[in-house]
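1. Next come a sequence and a model predicted from it.
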Amino acid sequence: MSVAALAQGFPSRPIRIVIGFPAGGPLDQHARLLTDKLQAVLGQPVVVDYKSGAGGTVGAQDVMKAPPDGHTLMLANTGVMVINPALYSRLPYQTLKDFTPVARTAMQPLALLVNPKLPAKTLPEFIQYARAKPGQVNFGSAGNGGISHLVPEMFKTATGLFMVHIPYRGSAPAFTDLMAGQVQFMAESIPQAAAYHKQGKVRALAVTSRQRNPALPDVPTAIESGLKGFEVVGFYGFLAPAGTPKDVVAKLSDAFGQVLQSPEVRERMVSQGADPAFLGADAFAAFLATEMPRWATAVAQSGAKLD
């Protein structure tokens with residue numbers, strides 16, 4: 001069958017979206033937000049399949065080995081796509097070699113947070129405070145080499161600060177210790193951060209996106225706070241196995257583009273703390289190519305390595 005004929009008859013059966021993490025997490029929420037509308041556009045059922053393990057690697061391998069016909073896709077985050085390749089010494093996949101980018105669907109900014117008892121009310125004040133106490137300020141993260149570890153590392157590089165990393169098993173225990181004052185600083189995605197900030201349990205000093213975030217309208221960006229060019233945002237996107245025909249990829253990419261134009265989808269996505277940020281296949285591939293070296297530098301500077 002010719003490629004054109006394949007694309008014309010596509011999809012001919014249900015689409016399987018693989019997530020390399022357990023059900024109930026942010027990626028799962030994101031997938032479920034899109035599936036109903038995606039089914040309507042593509043005219044086939046869309047099923048979510050969880051293959052959790054090894055920081056998303058198990059799911060990635062599953063998709064990598066699937067037939068490249070567009071019926072199996074991976075929904076992945078920054079970690080799976082651009083951090084893992086720099087973090088794991090033996091990773092079974094290469095993002096741009098083993099997959100075909102289909103669509104970027106969202107960007108997820110983080111908030112830079114401090115314990116509310118700290119005297120610093122702004123980011124410049126915190127930088128001054130931490131500079132006066134080299135090695136005495138701790139920052140918590142959800143684990144070694146994740147985005148909540150690497151964003152503070154990028155912040156340290158941008159400011160020349162010396163802070164000590166305390167890794168936790170997930171963001172919940174890290175938040176607990178931030179609120180208790182065991183750690184003084186943290187970078188975490190907006191939904192949780194905004195909820196705790198509004199309750200006065202943590203203080204958000206800045207957001208890491210180029211624009212202010214609707215969930216924290218009074219909180220300035222890091223750039224506004226004087227950190228020139230400091231824009232570090234997580235993202236979500238869909239990838240197909242390498243070798244998926246161009247016409248099939250274009251059809252899928254177009255379907256995601258249509259779904260993301262829905263005001264209802266956009267509104268719900270923002271309430272989940274992500275910003276709708278569609279990029280088609282080619283633009284997403286170019287975006288990934290620029291993000292890979294950037295995060296590789298952050299991993300190298302952090303000294304994090306996983307086997």
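-> Thanks, I have it.

2. okay, CA-based contacts and neighbour counts for the rest of this
-> Noted.

3. count of residues packed around residue 28?
-> Residue 28 sits with 19 neighbouring residues when counted by other Cα atoms under 10 Å.

4. Nearest residue to it in space, ignoring adjacent ones along the chain?
-> Excluding its sequence neighbours, the residue lying closest to residue 28 (Cα to Cα, 6 or more residues apart in numbering) is residue 19, at 7.2 Å.

5. Residue 46 now?
-> residue 15 (4.8 Å).

6. What separation do you get for that neighbour and residue 259?
-> Remark: distance between residue 15 and residue 259 (Cα to Cα, to the nearest Å) = 15 Å.

7. again, but for residue 77
-> For residue 77, the distance to residue 259 - Cα to Cα - is 19 Å.

8. With residue 112 instead?
-> Separation of residue 112 from residue 259 (Cα to Cα): 31 Å.

9. if I pick the residue nearest to residue 46, what's in contact with it?
-> The contact partners of residue 15, taken as Cα atoms under 8 Å, 6 or more residues apart in numbering, are 44-47, 70-73.

10. what do you get for residue 94?
-> When contacts are counted by Cα under 8 Å, 6+ apart, residue 94 touches residue 85.

11. One more: residue 184?
-> Contacts for residue 184 (Cα under 8 Å, 6+ apart) come out as 114-115, 118, 137-140, 178.

12. In strands, which of those residues fall?
-> Of the positions in these, 114, 138-140 sit in strands, assigned by DSSP state E.

13. next one: phi and psi at the residue nearest to residue 46?
-> Backbone torsions for residue 15, taken as degrees, to the nearest 10, come to phi -90, psi 130.

14. Next: residue 145.
-> According to degrees, to the nearest 10, residue 145 has phi 80, psi 0.

15. and what of the one 10 residues further on?
-> Reported as degrees, to the nearest 10, the phi and psi values for residue 155 are phi -60, psi -40.

16. The residue nearest to residue 28 contacts residue 47, doesn't it?
-> No - contact between residue 19 and residue 47 fails when scored by Cα atoms under 8 Å: they sit 10.7 Å apart.

17. now residue 110, which residues is it bridged with?
-> Bridge pairing for residue 110 (DSSP bridges) gives the partners residue 189.

18. Which residues are in contact with residue 131?
-> 161-162.

19. Just the buried residues from the contacts of residue 15, in PyMOL please.
-> Filtering these down to the buried ones (16 or more other Cα atoms under 10 Å) takes a single PyMOL command:
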select buried, resi 46+47+70+71+72+73
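
20. Next step: the contacts of residue 15 restricted to strands.
-> 46-47, 72-73.

21. In this structure, where is pLDDT below threshold?
-> 1-7 (pLDDT under 70).

22. Helices of that one, start to end?
-> Counting by DSSP state H, the chain has these helices, from start to end: 3-8, 26-42, 57-64, 78, 84-87, 95-98, 123-131, 147-159, 171-180, 190-198, 246-259, 263-271, 281-302.

23. who wins for proximity to residue 226 among those helices?
-> Evaluated over the helices of the chain, closeness to residue 226 peaks at helix 123-131, with 7.4 Å, by Cα to Cα.

24. And that closest one, how far out from the chain middle?
-> Mean-position distance between helix 123-131 and its chain equals 27 Å (Cα atoms, centre = their mean, to the nearest Å).

25. What residues of it count as buried?
-> 123, 126-127, 130-131.

26. And for the residue nearest to residue 28, the neighbour number?
-> Residue 19, neighbours per other Cα under 10 Å, totals 28.

27. Pull the contacting residues for it.
-> Residue 19 sits next to 27-28, 48-52, 56, 59, 74-76 when contact means Cα under 8 Å, 6+ apart.
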